[in-house]
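1. sequence plus predicted model, see below.
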Amino acid sequence: MHIQITEQIKLALLVESDAADILRVVNLSRASLGQFLPWVEGVNNIESAKKYILDRVNSGLNGSRWFKIYYKDNLSGVFAVKSICPELNIAELGYWLSSDAQGNGIISQVIARVPNILKNTSAKVIEFRCLEQNVASINIALKSGASLVDTIPDFAFANNTMQQLNVYRVGL
């Protein structure tokens, strides 16, 4: 399954055989990704890259869908509907991009297509969870029209400091 976002951006389902490409992209962007994504440290060989993929695509969470992002025909990151809460109809999104793909509006363009991606689900709201110092992700949430609805104090140690987790939501 492929989802064409723009002429230069497409999504394809993330599969175990993507491990070598995921590892390559993580290795090229390890410093920037590692600032806010705790899993980066543990993805350091093919087996751990396979585990990263399988843990996500087989999460068992309701509505979970994981995609690799292609930008100009290069694997450049991951985009996910991490879960859809059936009681609240909230779809939590997650994503990361390689350093060389950042700054091209890729995630914002993908998020603009989320209503189509979620059209046959119960989701009525999308949710972003961002560490308080992850300015790039916060800006993506705000640009999508989301508002800060909650904070979880002392959520994670990242970027050399204990950070709260900000929760942003916007209706579809």
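-> Yep, that arrived.

2. read off the pLDDT value for N160.
-> Looking at N160, its pLDDT stands at 84.

3. from here on, count from 11
-> With 11 as the first residue, the last one maps to N170.

4. what is the burial count for it?
-> 8 (other CB atoms under 10 Å). In this view, the C-beta of every residue, glycine as well, is placed from N, C-alpha and C.

5. neighbours of V145, how many?
-> By other CB under 10 Å, 11 other residues sit near V145.

6. what ranges do the strands span in this structure?
-> 12-14, 19-23, 75-81, 84-95, 100-107, 135-141, 157-168, 171-181 (DSSP state E).

7. what strands line up against the last one, and which way round?
-> Strand pairing for strand 171-181, determined by DSSP bridges: strand 135-141 (antiparallel), strand 157-168 (antiparallel).

8. kindly report the same for the first one.
-> Applying DSSP bridges to the sheet, strand 12-14 is found paired with strand 19-23 (antiparallel).

9. show the average pLDDT along the strand it pairs with.
-> Rounded mean pLDDT across strand 19-23 is 98.

10. restrict that strand to CA atoms and write it as PDB.
-> C-alpha atoms of strand 19-23 as PDB (Å, rounded to 0.1, in the frame of the first residue of the first chain):
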ATOM      1  CA  ILE A  19       6.600  12.500  -0.800                       C
ATOM      2  CA  LYS A  20       4.900   9.100  -0.400                       C
ATOM      3  CA  LEU A  21       4.200   6.700   2.400                       C
ATOM      4  CA  ALA A  22       4.500   2.900   2.200                       C
ATOM      5  CA  LEU A  23       3.800   0.400   4.900                       C
END
